[in-house]
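J.: Sequence first, then the predicted structure, then my questions.
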Amino acid sequence: MIISKVFDIATNSLETYQQALSITSNNISNADNPDYSRQVVQFGTTGSDSLGGSGVKIADVQRIRDSMIDTQVRNYQSSSSYSNEQSGILSQIESVVAEPSNSGLSSYIADFFNSWSSLAANPNSTSMRSTVIDKAQSLSDSLKSTFDSFSDISTSLKQQADTDVSTINQDLAQINSYNQKIYQAFSSGAETNELQDERDGIINNLSKMVNVSVQSGIQGTANVNIGGIFGADTSTYNQFDEKIINGQLRLVSKNDPNSSVIANSGEFAAINDLYSNKIPAYTSSYQKLAQTLVDKVNSIHMQGSTLVQGASSQTNIPFFGELDPDGSIIDAFAYGKININPAILNNTNNIAASDTPNNDGNGNIATQIANLADTPCTELGDQTIGDSYSTLISQVGMDKTSADNDVSSTGAILTQLQTQQKSISGVSIDEELTNVIKYQQSYAAAAKLISTAEAMLQTLIQSVV
């Protein structure tokens, strides 16, 4: 009967547009959810017979994504995380070196050599000799503080790497779990859009830790690799450890320790570069600088003569460290600390300022040590100690500037990509409200159709009676 078919079509329309309104409402409620993908209702016909169509149905609820944009967002998210981590840690390192300032190592180096210059003018002065020791001690303390700070930062980076690896492992386990839920839901005919959104949100978080690549799997699942090593799919997932290999912090598979992740972006990669490369390079430069200063001062000081004590002066006394029985200097520089000879600490008369035995008024050795401040050293690439230190500080500054520039550039590109991604996948309130009005009108029309069909049926019944 045609009237009954009208009832069926109208009833089906009511249900269809009620579902469409529900989907639109879900879009609106998730407008501020960064992981949510806008869902679009695709309508279709329920079929036809000899009397025409059978009405409308929801053929599909499409999850709006652009895989190319998503890939670019993940890549730049990883690069941005790398740059921000580098910039943050390098800021700490700049605070450690504290240059230029009155509390930086450069001022202590200058004060140390200036104290020798003052002693050269008055080599018999006990107070000048005490000043030399005080300035040497301040230099030593500043240097040790810098080494300790580098060590503390390295320890902190190692702990942060441990935390990052734990996060990576948790994310991979969750991705696998969501893939299984998506596969099962899809197989049973259930909607999987929001499950995919939640899983993709985890993948985005993972990309902040390390560079990832994602390939679409069957039925909406995702296959994830990190740094060229398998991460997770529907059937299983990988777990990782961090290890020090040849001085480099590496992310390796627990299942295959010989498989090492090529981490070139993300927070873990930034930590690896700082821990394995930059901080060791800074530390090595400080060590070379300090060792050169110690060796040069000792070389000159051991040629000089102390003040006359008893009947004569003494020579062959190192200013830093002390002589062992075979005549070698020991304990002059160790663990980031310059050690003043205990014989000098206990008796300032043992500072050798003179180049002539038994000549207390001679300050030529003190002058030679003071002149080291302006003497190029082959050990430092023919730079003076001060210039070499300035080069080191410049390198730290350039590394920080480079990281800051990367923060700015990658951040700007990421913002553009995220804006583009939002324009595609994000919810537009205006558009959704337009759909609400459209679906309401369609719903009202279907309800009106039922009323019309009911009136027709009443007329038909009355005509028969």
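T.: It's in. Numbering: from 1, shown residues only.
J.: Which SSE is immediately downstream of the host helix or strand of Val252?
T.: Assignment of secondary structure by DSSP states H and E places Val252 within strand 248-253. Using DSSP H and E, the helix or strand that follows strand 248-253 in sequence is helix 267-273.
J.: Just the C-alpha atoms of stretch 319-334, please, in PDB.
T.: Listed next in PDB are the C-alpha coordinates belonging to stretch 319-334 (Å, rounded to 0.1, in the frame of the first residue of the first chain):
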ATOM      1  CA  PHE A 319     102.800  26.200  41.700                       C
ATOM      2  CA  PHE A 320     100.000  23.600  41.000                       C
ATOM      3  CA  GLY A 321     100.200  20.100  42.200                       C
ATOM      4  CA  GLU A 322     103.400  18.600  43.800                       C
ATOM      5  CA  LEU A 323     106.300  16.500  42.900                       C
ATOM      6  CA  ASP A 324     106.200  12.700  43.400                       C
ATOM      7  CA  PRO A 325     109.500  10.800  44.200                       C
ATOM      8  CA  ASP A 326     110.400  10.400  40.500                       C
ATOM      9  CA  GLY A 327     110.100  14.100  39.900                       C
ATOM     10  CA  SER A 328     106.800  14.100  38.100                       C
ATOM     11  CA  ILE A 329     104.000  16.600  38.900                       C
ATOM     12  CA  ILE A 330     100.900  15.000  40.400                       C
ATOM     13  CA  ASP A 331      97.500  16.200  41.400                       C
ATOM     14  CA  ALA A 332      97.800  19.500  39.600                       C
ATOM     15  CA  PHE A 333      94.500  19.200  37.800                       C
ATOM     16  CA  ALA A 334      91.900  16.500  38.500                       C
END
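J.: Not counting its own residues, what contacts that stretch?
T.: The set of residues external to stretch 319-334 that reach it, using C-beta atoms under 8 Å, 6 or more residues apart in numbering, is 136, 290-291, 294, 297-298, 301, 316-318, 338-344, 351-352. C-betas here are computed from N, CA, C, even on glycine.
J.: Please spell out the PyMOL selection for the buried subset of those residues.
T.: In PyMOL syntax, the buried subset of those is picked out as below (16 or more other C-beta atoms under 10 Å):
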select buried, resi 136+290+294+297+298+301+317+318+338+339+340+341+343+344+351+352
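J.: Please state the offset of the strand holding Val252 from the chain centre?
T.: When distances are taken as C-alpha atoms, centre = their mean, to the nearest Å, strand 248-253 is centred 16 Å away from the chain's centroid.
J.: Please, where are all the strands along this protein?
T.: For the chain, the strands defined by DSSP state E cover 39-45, 48-49, 52-53, 56-63, 212-216, 222-226, 229-232, 240-245, 248-253, 322-323, 329-330, 333-334, 337-338.
J.: show me the contacts for Thr11.
T.: Per C-beta under 8 Å, 6+ apart, neighbours of Thr11: Ala446, Ile450.
J.: any idea how far it is from Asp60?
T.: 22 Å (C-beta to C-beta, to the nearest Å).
J.: can you check Ala446 too?
T.: 20 Å.
J.: which one of these two has more residues nearby?
T.: Higher neighbour count among Ala446 and Asp60: Ala446, with 21 against 13, using other C-beta atoms under 10 Å.
J.: I figured that one hits Gln18, correct?
T.: No - using C-beta atoms under 8 Å, Ala446 is not in contact with Gln18; the gap is 9.4 Å.
J.: Met128 contacts Asn114, doesn't it?
T.: No - the pair Met128 / Asn114 is not scored as a contact, 11.1 Å apart, by C-beta under 8 Å.
J.: Compare the two and say which is more crowded by neighbours.
T.: The residue with more neighbours, out of Met128 and Asn114, is Met128; 22 against 15, by other C-beta under 10 Å.
J.: which non-adjacent residue is nearest that one?
T.: Nearest non-adjacent residue to Met128, counting by C-beta to C-beta, 6 or more residues apart in numbering: Leu119, 4.5 Å away.
J.: Neighbours of that neighbour, how many?
T.: As a measure of burial, Leu119 has 25 neighbours, counting by other C-beta under 10 Å.
J.: Next: the one 3 residues further on.
T.: Neighbouring residues of Asn122 were enumerated by other C-beta under 10 Å; the total is 15.
J.: contacting residues around it?
T.: Neighbours of Asn122 in contact, by C-beta under 8 Å, 6+ apart: Met128, Gly363.
J.: how far away is it from Ala366?
T.: Taking C-beta to C-beta, one finds Asn122 at 9 Å from Ala366.
J.: Please apply the same query to Pro123.
T.: 6 Å.
J.: Comparing these two, which residue is more hemmed in?
T.: Ranked by neighbour count (other C-beta under 10 Å), Pro123 and Ala366 place Ala366 first, with 29 against 23.
J.: which ones are touching the more buried one?
T.: Listed by C-beta under 8 Å, 6+ apart, the contact set of Ala366 reads Trp116, Ser117, Leu119, Ala120, Pro123, Gly304, Ala353.
J.: now these in a markdown table, with pLDDT?
T.: Shown next, in a markdown table, are the contacts of Ala366 (pLDDT from 0 to 100):
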| residue | pLDDT |
| --- | --- |
| Trp116 | 98 |
| Ser117 | 97 |
| Leu119 | 97 |
| Ala120 | 96 |
| Pro123 | 95 |
| Gly304 | 95 |
| Ala353 | 96 |
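J.: would you turn those residues into CSV with distance to Phe268?
T.: Shown next, in CSV, are those (distance: C-beta to C-beta, whole Å):
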residue, distance to Phe268
Trp116, 48
Ser117, 50
Leu119, 52
Ala120, 54
Pro123, 57
Gly304, 53
Ala353, 54
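J.: May I ask which two of these are separated the most?
T.: Ser117 and Gly304 (15.1 Å; C-beta to C-beta).
J.: For the two, indicate the residue with more neighbours.
T.: Ranked by neighbour count (other C-beta under 10 Å), Ser117 and Gly304 place Gly304 first, with 27 against 16.
J.: residue boundaries of the helices in the stretch 251-400 of the chain?
T.: Listed in chain order, the helices of the stretch 251-400 of the chain (DSSP state H, counting those that start in this stretch) span 267-273, 279-301, 342-346, 364-371, 385-425.
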